[in-house]
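A.B. asks: show me the folded form of this:
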Amino acid sequence: SSSAPSSSEDDDDDDEEEESPLPECEAPPEATSAETGNEWDYDMEVVFVDADMSPDSTSYISTVLHSYLHCYMEEADGVLVINAGYPPTIDEFVFGEETNMDEEDELVTDNWSSRRDTLMHQLARELEIKGIGYDIATMYDEPFAAPLPPTFLIAFMQQEGEVYQRFLRRNPAAIDLDLASKLHPAATTPRHQTLYYDGPTHLSYTRPSRIWETWYCATPPGKYLESCTTFLPDLKNGKKHTPRTVVKKDPVKGRSLFAVDDIPEGNFVGSEDAVWNMNLDRIEWQALNEFVDMFPDAKMYAQLRDLFLVYGYEFTTIGASGWSVSLAANNTMTNHACTPEDKNVGATRGMFNGTDVGYSANFSPVIARRAEMASVLVVALRDIKAGEEIM
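C.D. replies: Here you go, the predicted structure:
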């Protein structure tokens, strides 16, 4: 793990520096100072930063420091974890209530939280738009850490890398068995086992809590992005869902999907497909393929793989990655359009589009909380008439 000392510069200087994170990969002078006694590690794969909420700790959540850290992880399939304060409260965004802190404490907390929130957005922004450049960033809360700060930010260097794919594993047994096989022998006695972390707990770490979605959609830039302004309101509006479709035989295409009713542009089409789905994460998919190769005469396993290959699709999004296939939904019979003009359904635009792609594509509690849904849902790209084929 690695951390940096608190900055001795005043807040105004910090603010000025944070507007333009340094692009050059040069170790900060403090990293080898007599005060820390630490040598700078030029080959970091895991970085843990423990940032308390004292006024002097703002350098631990500065974009300048984390630009440096990112530089020395860019060759690795690495991960950054920051213990970063407390989650927002629902009162702040729903009821607008005042806090009960003293004015001085409230000022310190607001300033620290504001810097933390800025860092969260910057972690996964692209370098070209003055971001820090991680592929994926998210957060989770460990409520049993109280009275210590329970919020953790986590950022991954490579979305397709093994570290992130193992983080996304969906089967808690895989995590429990990892703990059993990889913990140091001294940690295997009941007294020294992990107090809060295990396989089932890990699943909650891959899905931010609802309060983070509320925060994201109540503060810039999330409040201006379509995932908050369009997707979430439409998702909860029954009139925006068009469940009635029918499968018909076509002499050339075979099975084809048709609209039973008129479908207005922007409506979800066959949203029940998000319910009747079977998903394998990337690690499970790899294991299935290896098993089929090892036992080629086990025909039903080969047929299971072929089911995914023929009727399913590979997906990668914030919070999930792997292969998905419909179990019992009409949408699996949707044919590909031969031309762009024929295409009338497509990805849920509100999930990924926005005025700032760097914000919306790599960091979004809205997507992370509904990862499988984000990979499945489609909307009408134009008005679709009853009886028209859906493609």
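
A.B. asks: got the contact list for residue 322?
C.D. replies: Contact partners of residue 322, counting by CB atoms under 8 Å, 6 or more residues apart in numbering, are 168, 279-282, 284-285, 314-315. Quick note: C-beta positions are derived from backbone N, CA and C, even for glycine.

A.B. asks: let's see 6 Å
C.D. replies: 279-282, 285 (CB atoms under 6 Å, 6 or more residues apart in numbering).

A.B. asks: which residues of the protein fall in strands?
C.D. replies: Secondary structure of the chain by DSSP state E: the strands cover 46-51, 79-84, 136-141, 151-156, 241-242, 245-250, 254-259, 268-269, 277-281, 313-317, 320-326, 345-347, 378-380.

A.B. asks: buried residues in the first one?
C.D. replies: Along strand 46-51, the positions that meet the burial threshold by neighbour count (16 or more other CB atoms under 10 Å) are 47, 49, 51.

A.B. asks: ok, and the closest non-adjacent residue to residue 134?
C.D. replies: Closest residue in space to residue 134, ignoring its immediate chain neighbours: residue 155 at 3.9 Å, by CB to CB, 6 or more residues apart in numbering.

A.B. asks: wait, that neighbour sits on residue 123?
C.D. replies: Yes. Counting by CB atoms under 6 Å, residue 123 is a contact partner of residue 155 at 4.6 Å.

A.B. asks: any stretches of the stretch 101-250 of the chain with poor pLDDT?
C.D. replies: For the stretch 101-250 of the chain, the stretches with pLDDT under 70 are 101-110, 185-193.

A.B. asks: ignore the last one, the stretch 251-391 of the chain
C.D. replies: Ranges of the stretch 251-391 of the chain meeting pLDDT under 70: 349-361.

A.B. asks: re the thing from before, okay if I get the strands of the chain as CSV plus distance to residue 362?
C.D. replies: As requested, these are exported to CSV (distance: least, CB to CB, whole Å):
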stretch, distance to residue 362
strand 46-51, 18
strand 79-84, 14
strand 136-141, 6
strand 151-156, 9
strand 241-242, 28
strand 245-250, 33
strand 254-259, 32
strand 268-269, 24
strand 277-281, 20
strand 313-317, 11
strand 320-326, 14
strand 345-347, 16
strand 378-380, 22
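
A.B. asks: who's the residue nearest to residue 134 bridged to?
C.D. replies: residue 80, residue 137 (DSSP bridges).

A.B. asks: tell me how far it lies from residue 75.
C.D. replies: Distance of residue 155 to residue 75, computed by CB to CB, to the nearest Å: 16 Å.

A.B. asks: who has more neighbours, the two?
C.D. replies: A direct count of neighbours by other CB atoms under 10 Å for residue 155 and residue 75 places residue 155 higher, at 29 against 12.

A.B. asks: from residue 138, how far out is the closest residue in space to residue 135 that isn't next to it in sequence?
C.D. replies: Among residues not flanking residue 135 along the chain, residue 159 sits closest, at 4.0 Å (CB to CB, 6+ apart). Applying CB to CB, the value for residue 159 to residue 138 is 11 Å.

A.B. asks: hmm, back to that, and for residue 155 and residue 123, which residues touch both?
C.D. replies: Common neighbours of residue 155 and residue 123, using CB under 6 Å, 6+ apart, are 134, 137.

A.B. asks: which residue is nearest the middle of this protein?
C.D. replies: Geometric centre of the chain, nearest residue: residue 318, 3.3 Å, by CA atoms, centre = their mean.

A.B. asks: isn't residue 66 right up against residue 132?
C.D. replies: Yes. Residue 66 is within contact range of residue 132, at 5.3 Å (criterion: CB under 6 Å).

A.B. asks: between residue 159 and residue 138, which has more neighbouring residues?
C.D. replies: residue 138 (27 against 17).

A.B. asks: just list the residues touching the more buried one, thanks.
C.D. replies: Taking CB under 6 Å, 6+ apart, we find residue 138 in contact with 154, 368.

A.B. asks: and it, how close does it get to residue 237?
C.D. replies: For residue 138, the distance to residue 237 equals 27 Å [CB to CB].
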